[in-house]
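> task: produce atomic coordinates for the following.
(2 chains)
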Amino acid sequence: EVQLVESGGDLVQPGESLRLSCAVSGFTVSSNYVNWVRQAPGKGLEWLSVTYINGAADYADSVKGRFTVSRDNSRNTLFLQMNSLTTEDTAVYYCARGDGFFDYWGQGTLVIVSS
Amino acid sequence: DIQMTQSPSSLSASVGDRVTITCRASEDTHKSVAWYQQKPGKAPKFLLYATSRLGSGVPSRFTGSGSGTEYTLTVNTLQSEDSATYYCQQYYHYPRTFGQGTKVEIK
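You can find the predicted model right below:
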């Protein structure tokens, strides 16, 4: 059974950093594309990043230079390092599998950026 | 970036009705369009890809069509459990982009 489980969401102050995790079971992260998507309260879905099979990544302009994805193949886990957080980054963060469309999603983890 | 514009933003329909949601892309997405269903407090659920292909386990009352810049999701014979917000998404280009969502309510 395919499962993605996000963790690491928290309440942080503007300017701080946070690292989210996406633990995967049922498929191998090193053989699949995995994305991060977020949803601000009461808003729609925003794609943030993709990690390619070769470990390289692409990012949305809104987070480029502040967010970095990485992967631990031995733990079948992906990470989203988020720096210089602002109140605009307050959202539920999802990881999702897919090259193009996203067939499996995690349950999400809530990040609140507030002073 | 490719903009995806959904209409309507919300609708109300009765059980058994047929409802149609439209998604217009700012440029040709060559049928690389997916649809998702999201219920309150839950993660999005994948419904269709490549405009009209059903995801695994998705009921056949969900159908998709379209080409070029205009795509539709139709829910035939609406059920009470179909009350949700629906999103289209293009995957022809990066960044992947979503429509703003259509909230479907049951009368």
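> quick check: buried residues in the helix or strand where residue B:71 lies?
In this structure, residue B:71 is located in strand B:70-75 according to DSSP states H and E. Applying a neighbour-count criterion of 16 or more other CB atoms under 10 Å in any protein chain shown, one finds B:71, B:72, B:73, B:75 buried in strand B:70-75. Any C-beta I mention is one placed from the backbone N, CA and C, and that applies to glycine too.
> now do stretch A:8-26
Taking 16+ other CB under 10 Å as the neighbour-count basis, stretch A:8-26 is seen to contain the buried residues A:9, A:12, A:18, A:20, A:21, A:22, A:23, A:24.
> in strands, which of the residues you listed fall?
When these are checked against strands using DSSP state E, the ones located there are A:12, A:18, A:20, A:21, A:22, A:23, A:24.
> the residues you listed: which ones sit near chain B?
The overlap between these and the neighbours of chain B (CB under 8 Å from any CB of the partner chain) is empty.
> tell me which of those is nearest to chain B?
Lowest distance from chain B to these (CB to the nearest CB) belongs to residue A:22, with 12.3 Å.
> that closest one - nearest residue in space that isn't next to it in sequence?
Nearest non-adjacent residue to residue A:22, counting by CB to CB, 6 or more residues apart in numbering or on different chains: residue A:95, 3.5 Å away.
> just the pLDDT for the one you found.
pLDDT, residue A:95: 98.
> what's the neighbour count on it?
Number of residues near residue A:95 (other CB atoms under 10 Å in any protein chain shown) recorded here: 33.
> may I have the strands that pair with the helix or strand where it lies, each with its orientation?
Using DSSP H and E, residue A:95 sits within strand A:91-97. Taking DSSP bridges as the criterion, strand A:91-97 forms sheet pairs with strand A:34-39 (antiparallel), strand A:104-105 (antiparallel), strand A:109-113 (antiparallel).
> now that strand, how far from the chain's geometric center?
Chain-centre distance of strand A:91-97: 5 Å, with CA atoms, centre = their mean, to the nearest Å.
> quick one, that strand and strand A:18-25 angle?
Angle, strand A:91-97 to strand A:18-25, by axes from the mean of the first three to the mean of the last three CA atoms, to 10 degrees: 30 degrees.
> give me the contact list for strand A:91-97.
The contact list for strand A:91-97, computed with CB atoms under 8 Å, 6 or more residues apart in numbering or on different chains, reads A:2, A:4, A:6, A:9, A:20, A:22, A:24, A:27, A:32-41, A:43, A:46, A:48, A:78, A:80, A:102-111, B:43-44.
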